[in-house]
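Trainee: This is a predicted model, with the sequence first.
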Protein chains: 2
Amino acid sequence: MNIAVAQSGGPTCAINASLVGVFKEALKTPEIDAVFGSVNGIEGIINDELMDLKLAIRSNDDMELLRQTPSTVLGSCRYKLPPVAQGGETYEKILSCFERHRIEAFFYIGGNDSMDTVAKLSEYLASVDSKIKVIGIPKTIDNDLPVTDHTPGFGSAAKYVAATVQEIIRDSSVYSIQSVTIVEIMGRHAGWLTASTCVLRANDEIAPHLIYLPECEFSAEKFLEDVRSMQAKYKAVIVVVSEGVRLPEESKKQVVVDNFGHEYLSGIGKTLEQLVKDNVGCKVRSIELNVMQRCSSHICSKTDIDEAEQIGSAGVRAALGGETGKMVYYKRLSDIPYVITIDTVEASQVANKEKFFPRQWINDRQNDVSPEAVRYFLPLIQGEVKIAMKNGMPVHFKLLDVRS
Amino acid sequence: MNIAVAQSGGPTCAINASLVGVFKEALKTPEIDAVFGSVNGIEGIINDELMDLKLAIRSNDDMELLRQTPSTVLGSCRYKLPPVAQGGETYEKILSCFERHRIEAFFYIGGNDSMDTVAKLSEYLASVDSKIKVIGIPKTIDNDLPVTDHTPGFGSAAKYVAATVQEIIRDSSVYSIQSVTIVEIMGRHAGWLTASTCVLRANDEIAPHLIYLPECEFSAEKFLEDVRSMQAKYKAVIVVVSEGVRLPEESKKQVVVDNFGHEYLSGIGKTLEQLVKDNVGCKVRSIELNVMQRCSSHICSKTDIDEAEQIGSAGVRAALGGETGKMVYYKRLSDIPYVITIDTVEASQVANKEKFFPRQWINDRQNDVSPEAVRYFLPLIQGEVKIAMKNGMPVHFKLLDVRS
């Protein structure tokens, strides 16, 4: 039998590690012959653009480099499958590609949109009595998938954000004058990544002084009051804010939406900067961590990368065990010592859903998070991967184009 | 005798390493008793806010942590001394602070504005027949100081920028559609840091495809033509641009200036993003590396940090050798193997001057740089500092407040 694997959605530092997990587990499994990589997610299956990964990943060094290369080496897509009842032609193309290449299991590494694909595709395959297995392997820096304790890719993003916000704290504290620094962090609807900056308290940082999540109520008046009250105590006030936080007056504005109905947001950092400029009048700066928070492999979390590989492997074992239409997920058994296991859940229970930051970990004033949050986040950023360097720069794995 | 040291101007990753260099050399020198740190640059001398550094830096571990902590541990300032002929009172305060604390040598770590302070202060001290020595120790991520081969702090900024642009290249290349990614890099008038992204070619990257420096002519028409011609070859076009690059039509706009007459610029990235959106119509994103490029110690250059410490030590030796009104600087003797020595030059030859990226290293089309530039930049980003980690995050040195 052969298998196929694809990557979907926004890049992370860990999505290639899950690919390595699938690949390695296949190598260990005598009944698996070829491992095909689908180019640009499910689009590669639909358009029959596959690579033989055994020709592309040719040594243990290649596997290690791929593990520490950010983004999706097979490319990605934001393709939404039509409802099974209406999408005959698309599903037939997929089935025909699977059959042509004797693919008996398909692994889709992605977020909640990709789990929608896993759920629909397995539903279709069942409806035509196909025995082909479909397994979802989670990833997203947003950490907003239901069921799983956390998501592959999140720990590395959180580690980069913590290190960078700490450096920004140092940078912001040099002058004798009062200042406000606003750091805008990814997170449309869920504030996990922004909240994770609380880990800095484990290293005796007081900042960030104010933490704003999209789960909370927010207003210009409250924000300015918070800033002024922090300025009474701190010369350089550090604010972290999720990109999805919005002023009530803003929510009336027109927004652009993508194929999945996601809104394109941006600019809360700049908006708050302007508010401080107009109303407080001190030195103020806003900083957007932008794509760096999802691709800075040079400071990835070893825990995240190792777990991402393990969950990829677990996906293969689930398919071989006869499961389909499932997503593999992390179940946390203990914080200290940190212990997880990997289990499976119906992909439909995860598809198109979001998990929000818990209300009980947010303070009454809705501008900070609790020590329980620190305890939750800390294990996820532990450990450093030994990054391969050449000429003073990290080495990235590059896939030769070996489409079959 | 006692000595004093201060830090000035914008933060870098290496300015604390130069402080360690001064401190360590003082410890090795039996005739030096106290080492005072001046809080917030020359302002600390004027206002008599000094710290006894031997009380603040208390072990070899402290010194190592300080070397790898970004920004300026003593605080900074943007204070410009008045002309010697008119500034009687300010200079008398400085002299009185020096005399009160038996300070016989003062070390000022900073950029070309700080060298203005070194030149004026030594001129004043000579005019009142004082034997107190004043030595400038360079630093700036802009690499724009005359005479010196390069500046402390630049190598670490360049290493961060190279690693980050490489990660952005991976991140930008995942979808099957055409895209343009614009990375805005610091540099008001000199394009050194933007140009340094050419080092990625040593690791077989083709991108960045277009490199725009403030030293070059620039126009919207030329930019769009360049982008279109790169799109014929590459799906994901990567553009790097110095913050100081301006469209001819922009130069007529009002600009804000600081105490030193520097213009506050921002936004060329966003401007170019809008240009592509309006005229090319493909997916486009702009990314500002912001303060991260000057404070990301977690990926600093070992060469830079080691040299920054050495040049701090060399400053102390210059003062003990009787020099004053001088800046210590790097002289490059060879690229491969890379060899430098440290020498001194009159601070007045550096003060308020800028060194631009060489015209002969820029291509005719003024959108790229030559292999000579790669050869110049590469040695500066070599080597990694073993970063002290705690709880999965870098540890920063924090100065106890021990003002004397």
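Mentor: Cool, the structure landed. Numbering: from 1, shown residues only, chains lettered A, B, ... in the order given.
Trainee: how much space between the nearest residue to residue A:329 once chain neighbours are set aside and residue A:72?
Mentor: Of all residues not flanking residue A:329 in the chain, residue A:148 sits nearest, at 3.5 Å (CB to CB, 6 or more residues apart in numbering or on different chains). All C-beta atoms are positioned from the backbone trio N, CA, C, and that covers glycine. Distance, residue A:148 to residue A:72, using CB to CB, to the nearest Å: 20 Å.
Trainee: Which one's more surrounded, those two?
Mentor: residue A:72 (28 against 24; other CB atoms under 10 Å in any protein chain shown).
Trainee: Verify the contact between that one and residue A:5 for me.
Mentor: No: if you go by CB atoms under 8 Å, residue A:72 and residue A:5 don't touch, sitting 11.0 Å apart.
Trainee: which stretches of chain A form helices?
Mentor: A:15-27, A:42-46, A:53-56, A:60-67, A:88-100, A:112-127, A:154-172, A:192-195, A:220-231, A:268-279, A:292-295, A:302-320, A:371-377 (DSSP state H).
Trainee: Just the pLDDT for the closest residue to residue A:188 other than its chain neighbours.
Mentor: Nearest residue to residue A:188, sequence neighbours excluded (CB to CB, 6+ apart): residue A:244, at 4.3 Å. We have a pLDDT of 95 for residue A:244.
Trainee: So what's the residue count around residue A:244?
Mentor: Number of residues near residue A:244 (other CB under 10 Å) recorded here: 21.
Trainee: List of residues touching stretch A:276-287?
Mentor: With contacts defined as CB atoms under 8 Å, 6 or more residues apart in numbering or on different chains, stretch A:276-287 is touched by A:168, A:172, A:175, A:177-184, A:224, A:227-228, A:231, A:269-270, A:272-273, B:290-292.
Trainee: List the buried residues for that stretch?
Mentor: Residues of stretch A:276-287 classed as buried: A:276, A:280, A:284-287 (neighbour count, 16 or more other CB atoms under 10 Å in any protein chain shown).
Trainee: and the stretch 101-250 of chain A, which residues reach chain B?
Mentor: A:159, A:162-164, A:166-168, A:170-176, A:199-200, A:202-204 (CB under 8 Å from any CB of the partner chain).
Trainee: among those, which ones are buried?
Mentor: A:159, A:162-164, A:166-168, A:170-176, A:199-200, A:202-203.
Trainee: Report the separation between residue A:114 and residue B:142.
Mentor: Residue A:114 is 44 Å from residue B:142, by CB to CB.
Trainee: who's more crowded, the two?
Mentor: The residue with more neighbours, out of residue A:114 and residue B:142, is residue A:114; 31 against 28, by other CB under 10 Å.
Trainee: Kindly list the main-chain dihedrals of residue A:321?
Mentor: Backbone geometry at residue A:321, expressed as degrees, to the nearest 10, gives phi -80, psi 0.
Trainee: which bits of the stretch 251-400 of chain A sit near chain B?
Mentor: Residues of the stretch 251-400 of chain A lying near chain B (CB under 8 Å from any CB): A:285, A:287-288, A:290-292, A:294-299, A:301, A:378, A:381-384, A:389-396, A:398.
Trainee: Give the ChimeraX command for selecting the buried subset of those.
Mentor: This is how ChimeraX selects the buried members of those, with burial counted by 16+ other CB under 10 Å:
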select /A:285,287,288,290,291,292,294,295,296,297,298,299,301,378,381,382,383,384,391,392,393,394,395,396
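Trainee: what sits against residue A:167?
Mentor: Contacts for residue A:167 (CB under 8 Å, 6+ apart) come out as B:70-71, B:292, B:295-298, B:394.
Trainee: Oh, that last question was meant for residue A:26, not what I typed.
Mentor: A:3, A:32, A:35, A:316.
Trainee: now these in TSV, with pLDDT?
Mentor: Output for the contacts of residue A:26, formatted as TSV (pLDDT from 0 to 100):
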residue	pLDDT
A:3	98
A:32	98
A:35	98
A:316	98
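Trainee: which of these sit farthest apart?
Mentor: A:35 and A:316 (9.5 Å; CB to CB).
Trainee: Next, show the common contact partners of those two.
Mentor: What both residue A:35 and residue A:316 touch, as defined by CB under 8 Å, 6+ apart, is the set A:3, A:22, A:26.
Trainee: any idea which of these is closest to chain B?
Mentor: Nearest to chain B among the shared contacts of residue A:35 and residue A:316: residue A:22, at 17.9 Å, using CB to the nearest CB.
Trainee: Burial check on the closest residue to that closest one other than its chain neighbours, number of neighbours?
Mentor: With sequence-adjacent residues excluded and distances taken as CB to CB, 6+ apart, residue A:22 is closest to residue A:312, at 4.4 Å. Under the neighbour criterion other CB under 10 Å, residue A:312 is assigned a count of 30.
Trainee: pretty sure residue A:312 is touching residue A:16, no?
Mentor: No: between residue A:312 and residue A:16 there is no contact under CB under 8 Å: 9.6 Å.
Trainee: Show me the shaky parts of chain A.
Mentor: Within chain A, the segments meeting pLDDT under 70 span A:250-266, A:401-404.
Trainee: Give the residue farthest from the middle of it.
Mentor: What lies farthest from the middle of chain A is residue A:176; by CA atoms, centre = their mean that is 38.5 Å.
Trainee: Let me see the contact set for the residue nearest to that one when sequence neighbours are not counted.
Mentor: Spatially, and ignoring its direct neighbours in sequence, residue A:176 is nearest to residue B:40 (4.7 Å; CB to CB, 6+ apart). In this structure, residue B:40 makes contact with A:174-176, B:49, B:74-77, judged by CB under 8 Å, 6+ apart.
Trainee: Now with 7 Å, please.
Mentor: A:176, B:75-77 (CB atoms under 7 Å, 6 or more residues apart in numbering or on different chains).
Trainee: what would the residues you listed look like in CSV with distance to residue B:120?
Mentor: Output for those, formatted as CSV (distance: CB to CB, whole Å):
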residue, distance to residue B:120
A:176, 21
B:75, 21
B:76, 18
B:77, 15
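Trainee: what two of those residues have the greatest distance between them?
Mentor: A:176 and B:76 (8.7 Å).
Trainee: Please, where are all the strands along the stretch 251-400 of chain A?
Mentor: Taking DSSP state E, counting those that start in this stretch as the criterion, the stretch 251-400 of chain A carries its strands at A:256-257, A:263-264, A:283-288, A:326-334, A:339-346, A:389-390, A:393-394.
Trainee: export these to TSV and tack on distance to residue A:125?
Mentor: TSV is the format used below for the strands of the stretch 251-400 of chain A (distance: least, CB to CB, whole Å):
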stretch	distance to residue A:125
strand A:256-257	30
strand A:263-264	33
strand A:283-288	42
strand A:326-334	13
strand A:339-346	15
strand A:389-390	44
strand A:393-394	40
